[in-house]
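Enquirer: fold the following and give me the result.
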Amino acid sequence: MNFPETLITKAPEAGFELALKILRLNIKAIQPDEDIRNELTPVHEKYTDSLIATAHMVDGCG
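Expert: Purely as a prediction, here's the structure:
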């Protein structure tokens, strides 16, 4: 995986982009098979609760 060198950013927008990158890395760690991720994308677009639940699991809120 391509981890960022730091979590410090120069602007809020860059911080948001970094947060999205980290989220994507977490999704890849949870489901490393790209074909399966691509197959599930339409499901997640309709039922976002599973992605939200995953994010909570990763950030410790769940």
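Enquirer: report the secondary structure state of the residue nearest to the spatial centre of the chain.
Expert: Centroid check for the chain by CA atoms, centre = their mean gives Leu23 as the closest residue, at 2.2 Å. Using DSSP: H, G, I helix; E, B strand; the rest coil, the structure places Leu23 in helix.
Enquirer: how close does it sit to Ile8?
Expert: Distance of Leu23 to Ile8, computed by CB to CB, to the nearest Å: 18 Å. Bear in mind the C-beta positions are built from the backbone N, C-alpha and C, glycine included.
Enquirer: hmm, who's touching the least confident helix or strand in the chain by mean pLDDT?
Expert: Of all helical and strand segments in the chain, the minimum by mean pLDDT, DSSP states H and E falls on helix 49-59, at a mean of 73. Helix 49-59 is contacted from outside by 23, 26-27, 30, 43-44, 62, using CB atoms under 8 Å, 6 or more residues apart in numbering.
Enquirer: quick one, helices of this protein?
Expert: For the chain, the helices defined by DSSP state H occupy 12-30, 34-46, 49-59.
Enquirer: in TSV, list the ones you listed along with distance to Asn2.
Expert: Below are those laid out as TSV (distance: least, CB to CB, whole Å):
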stretch	distance to Asn2
helix 12-30	8
helix 34-46	15
helix 49-59	17
